[in-house]
Structure formats: structure tokens, C-alpha cells
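[1] I would like the atomic coordinates for the input below:
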Amino acid sequence: MNSRLVGRVEALWRYPVKSMLGECLPQLEIGEGGVCGDRAYALWDHATGRVASAKNPRLWRSLLQYQAKFVVPPLPGQALPVAAISAAGSSGGGSAAAGAAAGPEAAPLLTSDPQAGAQLSAWLGRQVSLLDQPQEGASLDQYWPPVQEREFQDVVNELVLPAGTFFDSCPIHAISTATLDRLRQLEPDLDFAVERFRPNLLMAPLEGDEGFVEEAWLGHRLRIGQRTVLQVDTACPRCVITTLAQCGLPEDIEILRATARHNKVIAGIRLSVLTPGPVAVGDPITLLEERPG
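    This is a model prediction of the structure:
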């Protein structure tokens, strides 16, 4: 088998509660089903019978004004730890961005709190339950904004989640600094902050590698560090979440329209796990290629 170094891990994220802001961390554990603790919790909307997702911003754009962090790191094969939910950008909990209901000095809400669902319902203005296991056939509503290059225009449709998960489609999402840099070159007036794209891995390719480099890795395997191996399954089409206000970034539909204009709305790759293991910032990323023969 041929192998070659293609880059290094630049940054890592885990998102304990679906559609809330997550944690930027120096290292992560990757299990058979993805990053340990990623999208481990989600909110269930009683009125629609769907998982709450900022993919439907008409109802759930405010989820991106909250942040979730684990009290202790989740580990493979161990019980899911408690996560603390607070208003994004605050030291303790509430902020004006997350709504006055949270309060400027509110303590973080723990997922172990028996009243967590009631408190989240009060903050969000809709009756929700906090789940740590998806219901059978769980789905969410996704809104497609008016972007000419996309099939759907200004409509909402249903997305059924992969069985047993709160993922939209794949267990791991990655994007390269080269892709973000290329979009910035093409549209210098837009802010292509990595946070808009909500990856698990931000990858820095080798010096001199430019453009949408990770798309050349489709169908191949990547070894991260010494042990962890991921399969590059598909390119990652972007959605309305990239356009929403979050992390101090303003709402901007042109982010999505730009990715459509310049790369068929693709930015990043989707991956699955072949060999679980740890990953850390600075780890080498090696492309594994089958020998011809």
C-alpha cells in the first residue's frame, strides 16, 4: 500500500448537543460511531414530532446561541457524561443573544437536571424534551433557502436521520484550511469563518497545496496520527446553517450562495470510522492508497 503525508490536524471540535455550539479541543477520542460524545444529545420538539435542528431556522435558529460542553470527557465504552448548556459567549450561562429567559448570570444547565427539558422549553419558547437516545425513525425538518444552484428553493422537507444517531448523514465531517482560503480568495468581502461550517476536523494541507484539496481524497482512507483510520465517503454539500448568526458572526445568505457559485455548494468531506483511536491537534494526516495491480 502506498501512503503519503497530505497535512496535519489544525483544530478539533465536538458538539455535545445537536445544533448548539460545541467545544474546540486539543484532542478527541474517535470511537466506531464517530467522535465520542458528538451529537450525543438532542432536543425533541413535541409540536412537530421532529428533532430540533438549526437546519430549520424558522423554528430553531436560536439553538446556535447556546453552547454545550461536557463536564468530563466522554470515552469509548463508558456511560455518557453530563454536559453543561449555557448561552454562547457568557461565562456562566445567559446572554442577551440567547434571550432574557436565561438571565445574564444564570448558571449552566446540566443535562442531568430532571427539569432540563422544562428549562430548555422556557428558553426556546417551544415544548421540548432532552434526549440522549434517538427515537426510531427520528427525523428533522430542513429548510432550503433560495440558492439558484440547488435543487430545492425556499422549501422545507424532512430528513430522516441514520438509525441510532442524531447525525444528519455521516459520523465525521472535515474541512481544509485550503478550501476556506480558496473561498476567501474568490469572495474577499465574505467571512468564511470555520465555525460556520461546524466541522469535527479542520485539516491544514501541505504548504503549496491549494484549492478544494480534500475532494481529491474521496474514496480513499486517511490515517490520523499513528492509529486512527477514517474512510472518506463523500463530499459535503452545505446547508442553511452556514448562513446563520453564530459565534459573533452575522447572518449572511451569501456564504451559501458563494459555495454554490464556485464549487457546486460543496465545502469539505464526510467520513466514517475504520479504526478508532485518539486524534490531536498537530497529528499528521496520511493518505492511504491501494497499490495498482
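
[2] rest of the way, CA atoms for contacts and neighbours
    Fine.

[3] so how far is the lengthiest strand in the chain off the chain centroid?
    Using DSSP state E to define each element, the chain has its longest strand at strand 2-14. Distance, stretch centre to chain centre, for strand 2-14: 17 Å (Cα atoms, centre = their mean, to the nearest Å).

[4] please apply the same query to stretch 190-205.
    So, by Cα atoms, centre = their mean, the centroid of stretch 190-205 is 10 Å from its chain's centroid.

[5] export that stretch as PDB, just CAs?
    Presented in PDB, the C-alpha positions along stretch 190-205 are these (Å, rounded to 0.1, in the frame of the first residue of the first chain):
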ATOM      1  CA  LEU A 190     -17.400  37.500   2.800                       C
ATOM      2  CA  ASP A 191     -16.400  36.000   6.100                       C
ATOM      3  CA  PHE A 192     -15.800  32.200   5.700                       C
ATOM      4  CA  ALA A 193     -15.100  31.600   9.400                       C
ATOM      5  CA  VAL A 194     -14.600  27.900  10.000                       C
ATOM      6  CA  GLU A 195     -17.200  28.000  12.800                       C
ATOM      7  CA  ARG A 196     -19.900  28.500  10.100                       C
ATOM      8  CA  PHE A 197     -19.100  25.000   8.700                       C
ATOM      9  CA  ARG A 198     -19.200  23.100  12.100                       C
ATOM     10  CA  PRO A 199     -16.500  20.500  11.300                       C
ATOM     11  CA  ASN A 200     -15.100  17.900  13.600                       C
ATOM     12  CA  LEU A 201     -11.700  18.300  12.000                       C
ATOM     13  CA  LEU A 202     -10.000  21.300  10.400                       C
ATOM     14  CA  MET A 203      -7.100  20.000   8.300                       C
ATOM     15  CA  ALA A 204      -4.100  22.000   7.200                       C
ATOM     16  CA  PRO A 205      -2.700  20.600   3.900                       C
END
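
[6] list the buried residues for it?
    D191, F192, R196, F197, R198, P199, N200, L201, L202, M203, A204, P205 (16 or more other Cα atoms under 10 Å).

[7] what's the answer for stretch 210-230, then?
    Neighbour count says stretch 210-230 has 210-215, 217, 221-225, 228-230 buried, by 16+ other Cα under 10 Å.

[8] contacts only, for the residue nearest in space to the middle of the chain.
    Centroid-nearest residue in the chain, with Cα atoms, centre = their mean: R198, separated by 3.7 Å. Contacts for R198 (Cα atoms under 8 Å, 6 or more residues apart in numbering) come out as W13.

[9] so it versus W44, what's the distance?
    Going from R198 to W44 by Cα to Cα, to the nearest Å gives 21 Å.

[10] now the longest strand of the chain: buried residues?
    Under 16+ other Cα under 10 Å, the buried positions of strand 2-14 are V6, G7, R8, V9, E10, A11, L12, W13, R14.

[11] pLDDT on it, on average?
    Averaging pLDDT along strand 2-14 gives 97.

[12] which residues touch the helix or strand just after it?
    The helix or strand immediately downstream of strand 2-14 is strand 23-25, counting by DSSP states H and E. The contact list for strand 23-25 (Cα under 8 Å, 6+ apart) reads A11, L12, W13, R14, Y15, A68, K69.

[13] mind redoing it with 7 Å?
    L12, W13, R14, Y15, K69 (Cα atoms under 7 Å, 6 or more residues apart in numbering).

[14] that strand pairs with which strands?
    strand 2-14 (antiparallel) (DSSP bridges).

[15] could I have the partner strand exported to PDB, CA atoms only?
    This file holds the C-alpha atoms of strand 2-14, laid out as PDB (Å, rounded to 0.1, in the frame of the first residue of the first chain):
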ATOM      1  CA  ASN A   2       1.200   3.500  -0.900                       C
ATOM      2  CA  SER A   3       0.900   6.200   1.700                       C
ATOM      3  CA  ARG A   4       1.800   9.900   1.700                       C
ATOM      4  CA  LEU A   5       1.600  12.800   4.100                       C
ATOM      5  CA  VAL A   6      -1.100  15.300   3.000                       C
ATOM      6  CA  GLY A   7      -1.400  17.600   6.000                       C
ATOM      7  CA  ARG A   8      -1.900  18.000   9.700                       C
ATOM      8  CA  VAL A   9      -4.800  18.500  12.100                       C
ATOM      9  CA  GLU A  10      -5.200  22.200  12.700                       C
ATOM     10  CA  ALA A  11      -8.200  22.100  15.100                       C
ATOM     11  CA  LEU A  12     -10.800  19.800  16.500                       C
ATOM     12  CA  TRP A  13     -14.400  20.200  17.600                       C
ATOM     13  CA  ARG A  14     -17.100  18.200  19.400                       C
END
